[in-house]
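Trainee: Here you go, sequence then predicted model.
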Amino acid sequence: KPNQPSSSPPPSPPTPKSIKLNPSSMSLAGLEGALTLTDRNAALSPDSASLSRTEVKVHPVVLFSIIDHYLRRPEGQGRVIGTLLGKVHANTIEVTNCFAVPHQEKRDEVAVGKDFNRQMLALSSLVNHSERIVGWYATALNGTMIVDNSSLIHEFYTTECESPVHLVVDTSLRNSSLECRAYVSNPLEVHDEALGNIFTQLQVKVESWEAERICIDQMSRPNIGEEAPLVEGPNGSLEGSMEQLLEMLEVTSAFVDRVVEGEIKADPQLGRKIADCLSAVPRMRPEQFAKIFDENLQDLLMVSFLSSLTKTQVAIAEKLSI
């Protein structure tokens, strides 16, 4: 006899798990499973494709904070997570700050301190109103950038901001380098059934302000037998600016003299720019300019003195506490 089909109904596909732990202080609900997509143009919707072309600019202070958080992690914890703060432009996401967020991971269960996250965000808003949540960060787990629980945590941050960015930092220092990657997530659905998330990699660029660049230059180890460069004080930087301004004036004056004597052909466009620069300088008597300059210089010296005094008091307080 031919095999008769079974009369029992076919098994229904497994439904995504919803996880919720400690609703009073820590809670998280999301989908299970994570996939990584490195091809930015493969299997993406128009909105996702435009988002994948977004560039993520990370400041050094963010990387240092993530490394410090990882070094201070509790014993036995595989990785750490936190919230990224910054600004969103047209096709650029600038990450300027971050703070750590406590979390717990146990196999396929995750808990995130949502109350702590809101309190830290409120405190951060008091200092800088322009910064807002742009995503979250995590350290790599045994060299793996994206793990299954990443989709759960990412689902939590979708309630905190629109299209959050996931920044992953590999603290293993493989090949003597700090690897940093950024991802955006999109749901993976089959027949309107959510199965997990697809993480698409974004371009990452480290960008630093002038103050950050100076600190990085000072932290860089010099060669053997070479002394580390010294940071110029306020007086040194002011003196350097005045010398540079005087040098530029001398070059401009020599150029004008050569044009007047007929050695160089006159350039009307360049002449207009020189005239605009001269007209921008306020007209005042030399003694009045000297008075204003001396007053600003005294204010600068007073600030320098107060900062040195504060450093001394802090050093004395540390010695007394010991």
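Mentor: The structure has been received and is ready for your questions. Since the model is a prediction, treat every value here as computed from it, not as a measurement.
Trainee: Next, the buried residues of the helix or strand harbouring V110.
Mentor: In this structure, V110 sits in strand 109-112 according to DSSP states H and E. Using 16 or more other Cβ atoms under 10 Å as the test for burial, strand 109-112 gives V110, A111, V112. For every residue, glycine as well, the C-beta is placed using N, CA and C.
Trainee: Next secondary structure after it?
Mentor: helix 114-127.
Trainee: Return the list of helices and strands in contact with that following helix.
Mentor: Applying 3 or more Cβ pairs under 8 Å, 6 or more residues apart in numbering; DSSP states H and E, one finds that helix 114-127 contacts strand 81-88, strand 92-101.
Trainee: Adjacent strands (with direction) for the shortest one?
Mentor: Going back to what we said before, that points to strand 81-88. Applying DSSP bridges, strand 81-88 is found paired with strand 92-101 (antiparallel), strand 132-139 (antiparallel).
Trainee: Serialize the ones you listed to a markdown table and add fields for mean pLDDT and distance to Q298.
Mentor: Shown next, in a markdown table, are the strands paired with strand 81-88 (pLDDT from 0 to 100; distance: least, Cβ to Cβ, whole Å):
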| stretch | mean pLDDT | distance to Q298 |
| --- | --- | --- |
| strand 92-101 | 92 | 34 |
| strand 132-139 | 92 | 40 |
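Trainee: Could you point out which of the ones you listed sits nearest R79?
Mentor: R79 lies closest, by Cβ to Cβ, to one member of the strands paired with strand 81-88: strand 132-139, at 4.5 Å.
Trainee: What are the contacting residues of the closest one?
Mentor: When contacts are defined by Cβ atoms under 8 Å, 6 or more residues apart in numbering, strand 132-139 is touched by residues 62, 66, 70, 79-88, 93, 95, 98, 101, 121, 150, 153-154, 157, 160-161, 164-171.
Trainee: So among those, which ones count as buried?
Mentor: By 16+ other Cβ under 10 Å, the contacts of strand 132-139 give 62, 66, 70, 79-86, 88, 93, 95, 98, 101, 121, 150, 153-154, 157, 160-161, 164-171 as buried.
Trainee: Would you mind measuring from E131 to D299?
Mentor: 30 Å (Cβ to Cβ, to the nearest Å).
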